[in-house]
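In: coords please:
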Amino acid sequence: MTLRTNQHERFERGLRALSEIDGHAGENVIAQLSDIAPDFARYVIEFPFGDVYSRPGLDLRSREVATIAALAALGNAAPQLKVHIEAGLNVGLSRDEIVEILIQMAVYAGFPAALNGLFAAKEVFAARGRSEAERAA
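Out: So this is what the prediction gives:
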């Protein structure tokens, strides 16, 4: 197997994982990078999604719990946090579980991080509710 084939497999595996996990939100991130940093967009597909998210050992729900907690704890990654709250919903986390993850962050990352995470979740839940209502209409 050549390096080129291996890279192509990573990319394809990453695209499948990105679509399953992040759906349109992930595709939007990649599209927004296409004109400024297309190589970085490829890296995002290959490494986090093609290599890490595709590993055995944790299911996608568990990976999103860890990701939501880490992004909330960082306190400076609201756009990425919103994408991963959406991803958590996509892979089966409930709104209540996401809220509990963010409340847990008050203990380890502080109240500001938990508050910011909860406000990000509120935005995602509202947007998702509007989108679901539009599809139902």
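In: Can you give me the buried ones in whichever helix or strand A120 is part of?
Out: Take DSSP states H and E as the rule and A120 turns out to sit in helix 111-136. For helix 111-136, the neighbour count (16 or more other CB atoms under 10 Å) marks 113-114, 116-118, 120-121, 124-125 as buried. C-beta coordinates here come from the backbone N, C-alpha and C atoms, glycine included.
In: Low-confidence stretches in this structure?
Out: Regions of the chain meeting the criterion pLDDT under 70 cover residues 1-5.
In: quick one: contacts for the residue sitting nearest the centre point of it?
Out: Centroid check for the chain by CA atoms, centre = their mean gives H84 as the closest residue, at 2.7 Å. Residues in contact with H84 (CB atoms under 8 Å, 6 or more residues apart in numbering) are 22, 64, 67-68, 71.
In: Next, count neighbours for S54.
Out: By the criterion of other CB atoms under 10 Å, S54 has 14 neighbours.
In: Correct me if wrong: it contacts R13.
Out: Yes. Contact criterion CB atoms under 8 Å: S54 and R13 qualify, at 5.2 Å.
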